[in-house]
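Student: Compute the structure for the input listed below.
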Amino acid sequence: MGGLRSNKTGRFIKQSVKERFWSKVDKRSTDECWPWLAGREGWGYGMFWFEGHTIHAPRVAWLLTNGAIPENTFICHSCDFPGCVNPNHLFLGTQKDNMTDREHQGRRHAHLPPINRGEKHPRAKLNDSLVKMAREAYKNGEYGAVGKLAKEYGVNYTTLWKAASNKTWNHIQP
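Tutor: Here you go, the predicted structure:
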């Protein structure tokens with residue numbers, strides 16, 4: 001499987017997966033990170049079209065360099081840089097290994113702002129007391145009361161129903 005690229009004559013020639021992949025990498029010395037130069041997803045991992053799917057570039061780097069990745073196995077970074085695809089910086093691990101490494105590196109939610117849950121969220125439409133009232137009505141089988149509460153408080157019925165049925169607003173205990 002490969003791609004097409006134009007040569008100097010304007011004709012298209014088939015490009016191997018390896019050529020296509022490594023052309024999107026800033027290869028440096030073997031001990032440095034090799035940044036992915038193409039598209040990335042929200043967490044900073046490079047993305048690459050491979051065998052009919054878009055997958056994380058570090059997984060492709062591993063596949064091209066080391067072969068198959070066992071099922072339920074993660075590709076972890078020793079360098080702590082998600083955009084790196086240097087095979088020397090990648091190692092196989094379980095989800096537990098990956099989470100332990102994340103904790104050890106001090107990355108637990110370091111990239112995220114503090115979580116504002118429920119009524120503390122700036123776009124919240126509900127509040128804790130309304131959710132508690134709706135849950136009580138739902139628990140008692142008074143589903144129409146959930147609709148009345150939604151109308152009374154000017155919120156979408158589905159939004160309140162999801163909170164009443166514990167599909168959202170899970171931080172509020174009954």
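
Student: Pretty sure Leu130 sits against Tyr153.
Tutor: Yes: the pair Leu130 and Tyr153 qualifies as a contact (CB atoms under 8 Å) at a distance of 5.7 Å. Bear in mind the C-beta positions are built from the backbone N, C-alpha and C, glycine included.

Student: hey, what's in contact with both of these two?
Tutor: Taking CB atoms under 8 Å, 6 or more residues apart in numbering as the criterion, Leu130 and Tyr153 both touch Leu160.

Student: Tell me which of the two has more neighbours.
Tutor: Leu130 (20 against 14; other CB atoms under 10 Å).

Student: which of the residues in the one helix or strand the more buried one maps to are buried?
Tutor: Per DSSP states H and E, Leu130 falls inside helix 128-139. Going by neighbour count (16 or more other CB atoms under 10 Å), the buried part of helix 128-139 is 130-135, 137-138.

Student: got it, and stretch 92-109?
Tutor: Quick answer for stretch 92-109 (16+ other CB under 10 Å): Asp101.

Student: next one: it to chain centre, how far?
Tutor: 15 Å (CA atoms, centre = their mean, to the nearest Å).

Student: now do stretch 39-54
Tutor: With CA atoms, centre = their mean, you get 11 Å for stretch 39-54.

Student: For the nearest residue to Ala57 once chain neighbours are set aside, give me its contacts.
Tutor: Nearest residue to Ala57, sequence neighbours excluded (CB to CB, 6 or more residues apart in numbering): Gly46, at 3.1 Å. Gly46 is in contact with 24, 36, 38-40, 56-58, 83, 85, counting by CB under 8 Å, 6+ apart.

Student: Could you list the domains of the protein?
Tutor: 2-104, 118-164 (automatic domain parsing).

Student: Quick one: mean pLDDT over the shortest one.
Tutor: For domain 118-164, the per-residue pLDDT values average out at 88.

Student: The longest one too?
Tutor: The predicted model assigns domain 2-104 a mean pLDDT of 87.

Student: Report the contact partners of the residue lying closest to Ile75 once chain neighbours are set aside.
Tutor: Ranked by CB to CB, 6+ apart and with sequence neighbours excluded, the top spatial neighbour of Ile75 is Pro58, at 4.6 Å. Applying CB under 8 Å, 6+ apart to Pro58 gives the contacts 45-46, 75, 77, 82, 84-85, 90.
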